[in-house]
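Q: Give the three-dimensional model of this entry:
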Amino acid sequence: MAAVLIRPNASEKSRLRLFVVQALVVSLFLTLFVRLWYMQVATGEGYQAAAAEQSVRDVVVQPARGLIVDDVGRPLVANRSSWVVSVDRTLLGKLPEDIRERTLDRLAGVVKVERATIDARMVVCGQSGAEAGSCWNGSPYQPVPVARDVPQQVAVKLLERTEEFPAVLAQQESVRAYPNPFGVNGAHVLGYLSPITGGELEEAEKESDTSVNGASVVGRAGVEKAYDRYLRGTPGYKKVAVDSMGRVLGDSGEVESTPGATLVTSIDAEVQGYVEKQLAQTIQTARGTTDTVTGRRYAADSGAAVVLDAKTGRVVAMASQPTYDPEVWSGGITSKQLERLYSEEAGTPLLSRATQGQFAPGSTWKPMMTAAALSNGYSPETVLACGSGFQVGNRTFKNYESGAYGNITFAKALEVSCNTFFYKIGFDYWQELGSDETDVEAKDPLVSMAKTFGFGKPTGIDLPGEASGRIADRKWKLAYWESMKDYYCKIGKQEGSDFQHRFAREFCVEGSHYRAGDAVNFAIGQGDTVVTPLQLARAYAALSNGGTLYEPRVAKAIVSPDGDLIKELPPVVDKKLPVKQAVLDYIDGALKNVASVGTMAWRLEGFPLDEVTIRAKTGSAEVYGKQSTSWVASYTEDYVVVMMVSQGGTGSGTSGPAIRKIWEKLYGVKGTDVRPGQAAIAGTTPPAELPTFADDGSILPPATSRPKGD
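A: Numbers count the residues shown, from 1 in each chain. Predicted coordinates:
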């Protein structure tokens, strides 16, 4: 029987195809489900570990800090590149302990830094075990620098062998450099930088200040601090992918940083360098000179010198001794170095004697006392005795070396620096207006005039930390007695007949009384009144310019990185002195005589005073228990030059030679000739214009100034 072939019909074919498709779909879902189970369950931990091995991090790109230049554009502070090795504490903490220890040991050997030092630098300040001067005072989430100024070959080695140095970073950063034109130090004027503190960072974040971050450095002194917000620039950022070992796998773009602005100062580098040299040499010479009073060599423990533009109050030069190398702050400072800067044994180098040092002014005080007397009852024709001593009660106040000049005028008293003449002025005002020793409201024209000249308060200079000086008047004496009476009364109750115990007993009972002795001492710049060299310099500038008292300024302008003027900083007038021009002219004439025939004349012998007319006043301030403080304050119609040497001897004897040399430098004096072409500052006065900022980034002197090299 023959077989019969049965063919499926069309509907059966459709059902078959649908079944096949359904089977394929089910198989696909089963495959995906199995794969998903495998990835999430069977091998999930492996994938999680792999994902954890890389992450995206924000890296801060620090901006180049702005330049600080002198009045003709010479850089006083610039920048240089430095290789810095840092440790990422977050990544380091994720490593096994044995790898972590091996990494740090290996790193210490490569960068030549003690392992203990690295450990100390990685401790956040404020945490347990933190060491002042060594701990990290930046953000705890930023990589911590453990070695700076690392040789390039060492940095390259670390970058090439990241597997041996996990969590270790090596990168370039911009740090401060000091070109030192004309040997300029300028540490106290320029200031220094240090890392931002946690508190400062929190404050900045509250104010939405994006110009700083955990790795920022900020100004701590000088113009670096005063103009920090202009100099610091704005940081940039870039995102980088790193693996668990800290190796960079790639980046996803960068927001560029913005460099800081340039600060143009009124400092003239040539004058600054020369003044610093003269001050240092003066102190060195004084230390080799015997004090005829004590029989010992002068201690000459510190000094200061100030040069001002008399017409504007701008600072042309300002030096202080002892000083320090500002480079010591670049790249981090050691605990030993920091300790020396604050050390009294080293002379406290961090203290600026020009703006923070406070000293009795001695006879340099007398021109202001003359202005007070001639404005309150006395006249240029007044004649008083200049004897060898002036009796007040049972005490005789001596003239210098007991000299006597007979009956003289104010002009002659300034010329020969007669103490007893001014003792008489102080005593007469005390007797007439304030003989009630307990009356703190008694008038005193001498005290009032001293305050009018700006003494007893900060000058307002654009530098931080300025001292106020002290006017030891009746109110001050009462306040001092109230604060110290318990201390002295306790000493006074003890047995003893020496000076300390006798003084303590007297102070305990009558320490608040303003006596005639206080008044006569005040009249010659002795006693408890103290001034800063800068205060004295600006007072003499007011004598020079006709009675305008300025707030001294170091900065002249802020200029953008592109050379555009952001802000000009004009001279600031404090006040116009209520002193008649005739009185100022009289004092001016007397101070000319001091330079030509008076106490400063022997130091200016042969100087062309007919062409460069110097006015001067010398001073030798006596301080109990110390050697005399040497002062010379001088001026022309263009400049003021003041020098002070603590425990340095007489005014003209110690400071006189340097004062002369500075004047010679300012005006180009060679012997008896004045050579304007050799003056330190072209045109004999500081340039009013700003330096020229060229398109190629170079800085040129103002058009009115001749170019000068180092």
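
Q: Output stretch 363-375 as CSV, restricted to C-alpha atoms.
A: In CSV, the C-alpha atoms belonging to stretch 363-375 read as follows (Å, rounded to 0.1, in the frame of the first residue of the first chain):
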residue,chain,number,x,y,z
SER,A,363,66.0,115.9,71.9
THR,A,364,64.3,115.1,68.5
TRP,A,365,61.2,115.9,70.5
LYS,A,366,62.1,119.6,71.0
PRO,A,367,60.9,121.0,67.6
MET,A,368,57.3,119.9,68.5
MET,A,369,57.7,121.4,72.0
THR,A,370,58.9,124.6,70.4
ALA,A,371,55.7,124.6,68.2
ALA,A,372,53.6,124.2,71.3
ALA,A,373,55.4,127.0,73.2
LEU,A,374,55.3,129.5,70.3
SER,A,375,51.6,128.7,69.9
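
Q: okay, and the helix or strand of this protein with the least pLDDT?
A: Counting by mean pLDDT, DSSP states H and E, the chain has its least confident helix or strand at helix 44-52, which shows a mean of 52.

Q: would you list every one of the strands in the stretch 251-400 of the chain?
A: Secondary structure of the stretch 251-400 of the chain (DSSP state E, counting those that start in this stretch): strands at 262-265, 302-309, 315-321, 384-386, 389-392, 395-398.

Q: what's the fifth one packed up against?
A: Read that as strand 389-392. Contact partners of strand 389-392 among helices and strands, from 3 or more C-beta pairs under 8 Å, 6 or more residues apart in numbering; DSSP states H and E: strand 395-398, helix 419-433, helix 516-523. Quick note: C-beta positions are derived from backbone N, CA and C, even for glycine.

Q: Need the residues that contact the last one.
A: Spelled out, it's helix 516-523. 365, 369, 390, 392-393, 395, 397, 422-423, 425-427, 429-431, 434-435, 444, 446-447, 472-473, 477, 527, 529 (C-beta atoms under 8 Å, 6 or more residues apart in numbering).

Q: cool, the second one as well?
A: Contacts of helix 419-433 with the rest of the structure, by C-beta under 8 Å, 6+ apart, involve 363, 366, 369, 373, 376, 378, 384-390, 392, 397-400, 408, 410, 413, 442-446, 516, 519-524.

Q: of these, buried ones?
A: Among the contacts of helix 419-433, those classed as buried by 16 or more other C-beta atoms under 10 Å are 363, 366, 369, 373, 376, 378, 384, 386-387, 390, 392, 397, 399-400, 408, 410, 413, 442, 444-446, 516, 519-524.

Q: residue boundaries of the helices in the stretch 201-350 of the chain?
A: 222-226, 228-231, 269-287, 335-342 (DSSP state H, counting those that start in this stretch).

Q: got the angle for whichever strand or helix holds Leu534 vs strand 302-309?
A: Element membership for Leu534, per DSSP states H and E: helix 533-545. Between helix 533-545 and strand 302-309, the angle comes out at 30 degrees (axes from the mean of the first three to the mean of the last three C-alpha atoms, to 10 degrees).

Q: after helix 533-545, next one along is what?
A: Following helix 533-545 in sequence, per DSSP H and E, is strand 548-551.

Q: If you count contacts, what does that next one end up packed against?
A: helix 533-545, strand 572-576.

Q: highest average neighbour count across these?
A: Of all those, helix 533-545 has the most neighbours on average by mean count of other C-beta atoms under 10 Å, namely a mean of 27.

Q: Return the mean pLDDT over it, rounded to an integer.
A: Per-region confidence: helix 533-545 scores 98 on mean pLDDT.

Q: So which elements touch it?
A: Using 3+ C-beta pairs under 8 Å, 6+ apart: helix 533-545 touches strand 302-309, helix 366-374, strand 548-551, helix 581-596, strand 629-635, strand 639-646.

Q: Spatially nearest residue to the most centrally placed residue in the chain (excluding sequence neighbours)?
A: The residue lying closest to the centre of the chain (C-alpha atoms, centre = their mean) is Gly222, at 2.5 Å. In space, and not counting its chain neighbours, Gly222 is closest to Gly191: 2.4 Å by C-beta to C-beta, 6 or more residues apart in numbering.

Q: Can you tell me how far the one you found is from Arg65?
A: 12 Å (C-beta to C-beta, to the nearest Å).

Q: Ok, Gln272 next?
A: 21 Å.

Q: Neighbours of the closest residue to Ala539 other than its chain neighbours, how many?
A: Nearest residue to Ala539 in three dimensions, chain neighbours excluded: Phe453, at 4.5 Å (C-beta to C-beta, 6+ apart). Residues near Phe453, counting by other C-beta atoms under 10 Å, number 24.

Q: Val72 now?
A: Using other C-beta under 10 Å: Val72 sits among 26 other residues.

Q: Check whether it sits in a helix, strand or coil.
A: Secondary structure state of Val72, per DSSP: H, G, I helix; E, B strand; the rest coil, is coil.

Q: Which residues belonging to stretch 73-85 are considered buried?
A: Gly73, Arg74, Pro75, Leu76, Val77, Ala78, Asn79, Ser82, Trp83, Val84, Val85.

Q: can you redo these as a markdown table with secondary structure?
A: A markdown table is the format used below for the buried residues of stretch 73-85 (three-state DSSP):
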| residue | secondary structure |
| --- | --- |
| Gly73 | coil |
| Arg74 | coil |
| Pro75 | strand |
| Leu76 | strand |
| Val77 | strand |
| Ala78 | strand |
| Asn79 | strand |
| Ser82 | strand |
| Trp83 | strand |
| Val84 | strand |
| Val85 | strand |
